[in-house]
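>>> structure of the sequence below:
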Amino acid sequence: MMKKGYLTLAVALCFTGFSTCALAQTTLVHDVNGYTLVNGKLHTFNAIQFTDDKIDRLFTKDQALPTTNEIISIDGKGKTILPGLIDAHGHVLSYGLSLLTADLTNTKSEQDAVARAQAFIKKNPTDSWLMGRGWNQELWDSKQFPTKETLDKVFTANPVSFGRVDGHAIWVNSKALALAGISASTVAPKGGEIVKDEQGNPTGVLIDNAMNLVFNVIPDLNQQQLQSTLTLAMDSLASYGLTSVHDAGISIDNIKAYQQLAANNAMSVRVNGMLSVEDPRFPSILKQGHINTADNMFKVDSVKISADGALGSRGAALIKEYSDQPGHKGLMLYSDEQLAKLISQAMKAGFQVNTHAIGDNANQVVLNKYQTAIAATDSKALRHRIEHAQILDLADVPRFAQLGVIASIQATHATSDKNMAENRLGKARLAGAYAWRKLLNANAVIANGSDFPIESPNPFFGLHASVTRQDHANQPLDGWLATEKLSRIEALKSFTIDAAYAGHQEQLLGSLEPGKKADFILVDDDYFKVDPQQIWQNKVIATWVNGRQVFVKEEE
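Numbers count the residues shown, from 1 in each chain. Alright, predicted model coming up:
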């Protein structure tokens, strides 16, 4: 008979520093409702067997299970197994820090955000910087940017920096402005904006590149702090059913922290890091070439560039002016020459280039730069990406497939932005907004993600948004811009094999097949049978990465 094992036993084995899971051991998870996509087609199975980090075999109902004593047996109790879900665009360190800072998401007003931060600092007193994230003035009745005055009334001892939900603006108090040397006479750096009042004084809101004036005076984390924050984040991500994430824009210090965690066998999810071009040591890392650990838990073979800002803060670069701000077209963060140089430099070094572009002008400019650089470097096979690809001129949609450029989208951005996007763009431009169906119809590859911590990292939120184009209150009734919906198979594909493809890992990850990595999740609900409006409510029971059970849900 097989060794009897249950989820609690397996997790006990795996959580002792992960080291015991390195033993050669075959495991069978049986009595499951399993799904995987192979060559775009849905396959079902009822048991999965793996040895160490590799899948051995999938069993269907009519196939006998092995009976050897050497196999650990885990009863899946009829629950659903899916391939490990991959978030193709998130920010792991920022997410970890968000778990340690004031959470201002879904606040109802400027005063509500201040009260939330007050409650946080009361529980977590500090004599240093007070950090927070998640405010969104579009959810406030005022619809106006906040000001330093409301912070100054409450936070007199601490410098304060609160990030907007999209990460493209910060709200600071007077103490932070003073430390950063920002005054009425300060000129905003190119690609940034210091919001000022009618008298020319800074209001306390800094947009895009202007944020660096404050960031430059905030003390950096040391290596121990980096590693502990990354670990906190990865453990949380695993609890949502993520087995791999693409970390969009990391520094060399960040890379060193990951390398140490990988050496200690202490990474609970895989990380595909994109080297940030903003790190001053960027050229030296390019010269060193790709990074990849032996167990494929961490790698760096791509770079991250940001071409423009975000739609919510009106930093996204548009071809025509904003519908709700005449004369304003957003911000390109680099000059044409700078952007072309960065793209060419990375492609010549053999790195995949992943460029943030939200506005239709930014997407068009990036596609133009890619077209020139791909031809010059013969690097189409590197599968360059546009991160977000949010607002597209319709003429640019077919260019993704033509150039072999992947559209790295975040489905929950559509359901979060739906109440704001039309104000910013007007009805006509919505035809190219969050246009996933148009991209697929034009044969583009879509990789899906969340952009956590801007959105929740829960991939079932993204699957739900992809399929329904609705928020969690099932609004609007037929879905926002409903013709752009994805099918359940297409949505799962975008979070699995196509996300793996976007990271050059489709031979290792993204589907459950013999010889591939044992990355999979056990979940409560059948993704393919549950009411589509309930997809977001699915709960993860357990997560396996590299054959190790890295998360198990506590019994209620």
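
>>> now the strands for the stretch 101-250 of the chain?
102-103, 130-135, 160-164, 169-172, 192-196, 202-208, 242-250 (DSSP state E, counting those that start in this stretch).

>>> output those strands as a markdown table; include the columns mean neighbour count, mean pLDDT and distance to residue 345.
For every residue, glycine as well, the C-beta is placed using N, CA and C. A markdown table is the format used below for these (neighbours: other C-beta atoms under 10 Å; pLDDT from 0 to 100; distance: least, C-beta to C-beta, whole Å):
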| stretch | mean neighbour count | mean pLDDT | distance to residue 345 |
| --- | --- | --- | --- |
| strand 102-103 | 19 | 94 | 38 |
| strand 130-135 | 24 | 94 | 31 |
| strand 160-164 | 25 | 96 | 29 |
| strand 169-172 | 27 | 97 | 29 |
| strand 192-196 | 19 | 96 | 23 |
| strand 202-208 | 24 | 97 | 22 |
| strand 242-250 | 27 | 98 | 16 |
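
>>> need the ones you listed in JSON lines (columns: distance to residue 141).
Listed next are these as JSON lines, based on distance: least, C-beta to C-beta, whole Å:
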{"stretch": "strand 102-103", "distance to residue 141": "21"}
{"stretch": "strand 130-135", "distance to residue 141": "14"}
{"stretch": "strand 160-164", "distance to residue 141": "17"}
{"stretch": "strand 169-172", "distance to residue 141": "17"}
{"stretch": "strand 192-196", "distance to residue 141": "19"}
{"stretch": "strand 202-208", "distance to residue 141": "18"}
{"stretch": "strand 242-250", "distance to residue 141": "33"}
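
>>> got a list of what residue 444 touches?
By C-beta atoms under 8 Å, 6 or more residues apart in numbering, the contact set of residue 444 is 397, 400-401, 405-407.

>>> again, 7 Å this time
By C-beta atoms under 7 Å, 6 or more residues apart in numbering, the contact list for residue 444 reads 400-401, 407.

>>> in three-state terms, label the residue nearest to it when sequence neighbours are not counted for me.
Leaving aside its sequence neighbours, residue 444 sits nearest to residue 400 (C-beta to C-beta, 6 or more residues apart in numbering; 3.9 Å). Residue 400 falls in the helix class when you classify it by DSSP: H, G, I helix; E, B strand; the rest coil.

>>> which of the strands of the stretch 101-250 of the chain sits closest to residue 381?
Minimum separation from residue 381 across the strands of the stretch 101-250 of the chain (C-beta to C-beta) falls at strand 242-250, 18.5 Å.

>>> helices or strands next to that closest one in the packing?
The contact analysis (3 or more C-beta pairs under 7 Å, 6 or more residues apart in numbering; DSSP states H and E) places strand 242-250 against strand 85-90, strand 270-276.

>>> most tightly surrounded among the ones you listed?
strand 85-90 (a mean of 29; mean count of other C-beta atoms under 10 Å).

>>> what residues does that strand touch?
Identification of contacts with strand 85-90 by C-beta under 7 Å, 6+ apart yields 241-248, 387, 408, 410, 447-452, 457, 459, 495-496, 499-500, 502, 509-510, 521.

>>> now it: mean pLDDT?
Mean pLDDT, computed over strand 85-90, is 98.

>>> now that strand against strand 242-250, angle please.
Strand 85-90 and strand 242-250 are oriented at 10 degrees to each other (axes from the mean of the first three to the mean of the last three C-alpha atoms, to 10 degrees).

>>> how far off strand 270-276 does strand 85-90 point, in degrees?
Here strand 85-90 runs at an angle of 10 degrees relative to strand 270-276 (the same axes, to 10 degrees).

>>> begin at 151, not 1, for the rest of this chat.
Okay, using 151 as the starting number, the last item reads as strand 235-240.

>>> tell me the strands beside strand 235-240, with direction?
Take DSSP bridges as the rule and strand 235-240 pairs in its sheet with strand 392-400 (parallel).

>>> so what's the gap between the strand it pairs with and the chain middle?
Here strand 392-400 is found 6 Å from its chain centre; the criterion is C-alpha atoms, centre = their mean, to the nearest Å.

>>> show me where the stretch 551-700 of the chain has its strands.
Per DSSP E, counting those that start in this stretch, the stretch 551-700 of the chain carries strands over the ranges 556-560, 596-599, 670-673, 690-695, 698-702.

>>> and residue 652, how close does it get to residue 349?
The gap separating residue 652 from residue 349 is 48 Å, by C-beta to C-beta, to the nearest Å.

>>> should've said residue 260
Relative to residue 349, and taking C-beta to C-beta, residue 260 is found at 20 Å.

>>> so between the two, which is more surrounded?
Using other C-beta atoms under 10 Å as the criterion, residue 260 and residue 349 rank with residue 260 on top: 21 against 6.

>>> ends of stretch 224-236, what's the gap?
Start and end residues of stretch 224-236 are separated by 24 Å (C-alpha to C-alpha, to the nearest Å).

>>> to clarify, my last question referred to stretch 490-510.
End residues of stretch 490-510 are separated by 18 Å (C-alpha to C-alpha).

>>> buried stuff in it?
Using 16 or more other C-beta atoms under 10 Å as the test for burial, stretch 490-510 gives 490, 492-497, 499, 501-510.

>>> low-scoring pLDDT stretches of the stretch 551-700 of the chain, where are they?
Nowhere does the stretch 551-700 of the chain drop to pLDDT under 70.

>>> if you set the cut-off to 90 instead, what comes out?
Applying pLDDT under 90 to the stretch 551-700 of the chain picks out residues 569.

>>> to residue 700, which of the strands of the stretch 251-400 of the chain lies closest?
Nearest of the strands of the stretch 251-400 of the chain to residue 700, taken as C-beta to C-beta: strand 392-400 at 8.3 Å.

>>> kindly export the closest one (C-alpha atoms) in CSV.
Extracted as CSV, the C-alpha positions of strand 392-400 are listed here (Å, rounded to 0.1, in the frame of the first residue of the first chain):
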residue,chain,number,x,y,z
LEU,A,392,0.6,32.1,-7.7
THR,A,393,3.6,29.9,-8.3
SER,A,394,5.5,32.3,-10.5
VAL,A,395,5.7,36.1,-10.8
HIS,A,396,7.4,38.4,-13.2
ASP,A,397,8.9,41.2,-11.1
ALA,A,398,8.6,44.3,-13.1
GLY,A,399,11.6,46.5,-12.5
ILE,A,400,14.1,45.4,-9.9
